[in-house]
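# okay, sequence plus prediction incoming.
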Amino acid sequence: MRVSKLISTNKLIYYTIYLISSISFANTEQNSEDLYQQNCAACHGADRLGLIGPALLPQNLKRLRKNAAIATITAGRLATQMPPFKEKLTTQQIELLAEHIYQPLPQVPTWGDTEIIKSHTEFTSTDQLPAKPIHNADPLNLFFVVESGDHHVTILDGDKLEPIHRFKTRFALHGGAKYSPDGRFVYYATRDGWVSMFDLHSMQMVAEIRAGINTRNIAISSDGKLVAVGNYLPHNLILLNANDLSLHTIIPVTDEKEQSSRVSAVYDAAPRNSFILALKDIPEIWEIPYTTDNFNVRKIELKTPLDDFFFDQSYNFIMGASRTGGGAVVDIELGKKVSELALDGMPHLGSGITWRRGEQTVMASPNLRKGAITVIDMDSWLPIKEITTKGPGFFMRSHENSKYAWADVFFGKNRDLVHIIDKQSLEIVKTLRPEPGKTAAHIEFTRDGSYALLSIWEDDGALVIYDSNSLEEVKRIPMKKPVGKYNVYNKITRSEGTSH
């Protein structure tokens, strides 16, 4: 009798503990949502899709580690409207908030034509803009410099090597700015889908729209009529009218089995008058002609997805790599793979460059996993040489008028180094250390190739300008983490020495 009573008593105790823990867990979940609504919703949206602050979803926070999120909630973020919460919330509450924003939403959020159209703002009509620049700089030798340290952009005169304008951007601006075919307008996107249009003649905003929740990049059609926006969330391609960023068309990205895919990137294949899409989740490449309004999708089937692309100058061939390893060459016209690519590690083909080496055209790609640059013959598609570097790199750059290629060592203990490679001998002829202990990255050349601009990728960073022939430093311009810089002329002429 006593034994059975004891068992019953123990069961009751365990059941009570279970109920208490369940209630506590439920309250914790409720409290995290309450905490979010009370402290974050006004800026980041009640649905976490973003307002004046960025979207707070797992897909948008992949580049931000959870401990960094805790630090940001605790201390705030300089040069933004993000305040510190250390005096208002306990450590446990801050950790609860951080945990909350990394949880997926119960349902995939909707961001369709209604939401996109509602977000559109036209600040001024292109008809009201001045016919000529209001500044004296060469309009084709301007640089659009993204300073992520305080979410600003600096417009730099590439002749005088001096800033001529600076303005604030939205949070988490993606580095890859694109220009209208004449170089007058610059278009740029944030990771949480905001696309902006800026006039480089009058130095003013023209229009803005939110085309997605998690956006990868944008491309401008060669006829200057469309802006294509590739999204991770929702799974679609958005086409905007380039004159005012109003919505033109939404193209869902699904295969024949109705499986949807994130868009890894969208490119303008100017010689083909089409957009090319790299897909993350479907083993296909999409080509979408834009000279007619039906936008019929041409699908090139593959065995595995290729989500990192490099195009030859004619846009007849794609060199593609998968993040899981391996690569292939795809003939766009034939619509099929024509060669394997002997690449190991994690090549960063999107930052590759080409040049003429004697009678052959070669392509060189940095590698995100190992200290090597692979040089490939673009006739045989075979490696010519693997150049050993001091660590994995992120960017390579050159110019038609320069005999050197520049490659950073972005990752690891040697992140402050930059290698300079002779394009004919394929040997490293000089290694620079612009500022010991600070990341040196992303080189871009002036219009004529006479100067190379390098970023000190830190909040207390700078643009370091080098004579591209003597390789000597010319000057420094202090900046707030200048993550990318884009020369108008080199972009609109599709220079072989820079990314397209």
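That came through fine.

# domain parsing for this protein?
Under the assignment automatic domain parsing, the domains of the chain span 2-101, 367-500.

# any chance of those in CSV, with mean neighbour count, distance to residue 329 and mean pLDDT too?
(Glycine included, C-beta is placed from N, CA and C.) Shown next, in CSV, are the domains of the chain (neighbours: other Cβ atoms under 10 Å; distance: least, Cβ to Cβ, whole Å; pLDDT from 0 to 100):
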stretch, mean neighbour count, distance to residue 329, mean pLDDT
domain 2-101, 14, 29, 70
domain 367-500, 19, 5, 96
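
# and these as CSV, adding distance to residue 130?
Listed next are the domains of the chain as CSV, based on distance: least, Cβ to Cβ, whole Å:
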stretch, distance to residue 130
domain 2-101, 30
domain 367-500, 17
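
# residue 146: which of these is closest?
With Cβ to Cβ, the closest approach to residue 146 among the domains of the chain belongs to domain 367-500: 4.7 Å.

# check the separation of the first and last residues in the closest one.
Using Cα to Cα, to the nearest Å, one end of domain 367-500 lies 19 Å from the other.

# quick check: phi and psi on residue 115?
Here the main-chain torsion angles of residue 115 (degrees, to the nearest 10) amount to phi -70, psi -40.

# residue contacts, the nearest residue to it once chain neighbours are set aside?
Sequence neighbours aside, residue 210 is the residue nearest to residue 115 in space, at 7.4 Å (criterion: Cβ to Cβ, 6 or more residues apart in numbering). Residues near residue 210 by Cβ atoms under 8 Å, 6 or more residues apart in numbering: 111, 115, 116, 119, 192, 193, 194, 195.

# tell me which of the residues you listed is nearest to residue 169?
residue 194 (8.9 Å).

# tell me where this protein has helices.
Remark: helices assigned in the chain by DSSP state H are 2-39, 41-44, 66-75, 91-101, 113-119, 488-492.

# show residues contacting stretch 88-108.
28, 31-33, 35-36, 39-40, 47-48, 56-58, 61, 66, 69-70, 73-74, 85-86, 233-234.

# ok, now how distant is residue 472 from residue 408?
Counting by Cβ to Cβ, to the nearest Å, the gap from residue 472 to residue 408 is 19 Å.

# please apply the same query to residue 440.
Separation of residue 440 from residue 408 (Cβ to Cβ): 6 Å.

# overlap in contacts of those two?
415, 417, 418.

# quick one: contacts for residue 289?
Going by Cβ under 8 Å, 6+ apart, the list of residues near residue 289 reads 272, 273, 274, 295, 296, 298.

# neighbour-wise, which of those leads?
Using other Cβ atoms under 10 Å as the neighbour test, the contacts of residue 289 are led by residue 274, with 22 neighbours.

# surely that residue and residue 287 touch.
Yes - the pair residue 274 / residue 287 is scored as a contact, 5.1 Å apart, by Cβ atoms under 8 Å.

# nearest residue to the most centrally placed residue in the chain other than its sequence neighbours?
Nearest to the mean C-alpha position of the chain, by Cα atoms, centre = their mean, lies residue 174 at 4.5 Å. Distances taken as Cβ to Cβ, 6+ apart place residue 189 nearest to residue 174, at 5.4 Å, with adjacent residues excluded.

# pretty sure that neighbour contacts residue 215?
Yes - with contact defined as Cβ under 8 Å, residue 189 counts as touching residue 215 (5.2 Å).

# before we move on, the earlier item: for the shared contacts of residue 440 and residue 408, which one is nearest residue 313?
Nearest member of these to residue 313, counting by Cβ to Cβ, is residue 418, at 25.3 Å.

# ok, how many other residues are close to residue 240?
For residue 240, the count of nearby residues is 26 (other Cβ under 10 Å).

# in space, what's closest to it - neighbours in sequence excluded?
residue 227 (4.2 Å).

# for residue 338, same thing?
residue 331 (4.7 Å).

# quick check: that neighbour touching residue 316?
Yes - using Cβ under 8 Å, residue 331 makes contact with residue 316 at a distance of 6.8 Å.

# residue 349: which of the domains of the chain is closest?
Comparing these by Cβ to Cβ, domain 367-500 comes nearest, at 9.7 Å.

# now do the closest one: distance to the chain's middle.
18 Å (Cα atoms, centre = their mean, to the nearest Å).

# what does stretch 149-157 give?
Centre-to-centre, stretch 149-157 and its host chain are 16 Å apart (Cα atoms, centre = their mean).

# can you list contacts of that stretch?
Under the criterion Cβ under 8 Å, 6+ apart, residues 78-80, 135, 137-138, 141-147, 162-173, 188, 198, 200, 203, 453, 458-459, 461, 463, 477, 479-482, 485 lie in contact with stretch 149-157.

# which parts of that stretch are buried?
Under the neighbour-count criterion of 16 or more other Cβ atoms under 10 Å, stretch 149-157 has 149, 151, 152, 153, 154, 155, 156, 157 buried.

# which one of the residues you listed is nearest to residue 377?
Distance to residue 377, by Cβ to Cβ, is smallest for residue 156 among the buried residues of stretch 149-157, at 36.1 Å.

# do you know how far the closest one is from residue 233?
33 Å.

# ok, residue 56 touching residue 44?
Yes - if you go by Cβ under 8 Å, residue 56 and residue 44 touch, sitting 5.0 Å apart.

# anything in contact with each of the two?
Jointly contacting residue 56 and residue 44 under the rule Cβ under 8 Å, 6+ apart are residue 50.

# just the local confidence number for residue 175, please.
Per-residue confidence (pLDDT) for residue 175: 61.

# residue contacts, the closest residue to residue 171 other than its chain neighbours?
Excluding its sequence neighbours, the residue lying closest to residue 171 (Cβ to Cβ, 6+ apart) is residue 54, at 4.6 Å. Residues counted as contacts of residue 54 (Cβ under 8 Å, 6+ apart) are 44, 60, 170, 171, 172, 190, 191, 192.
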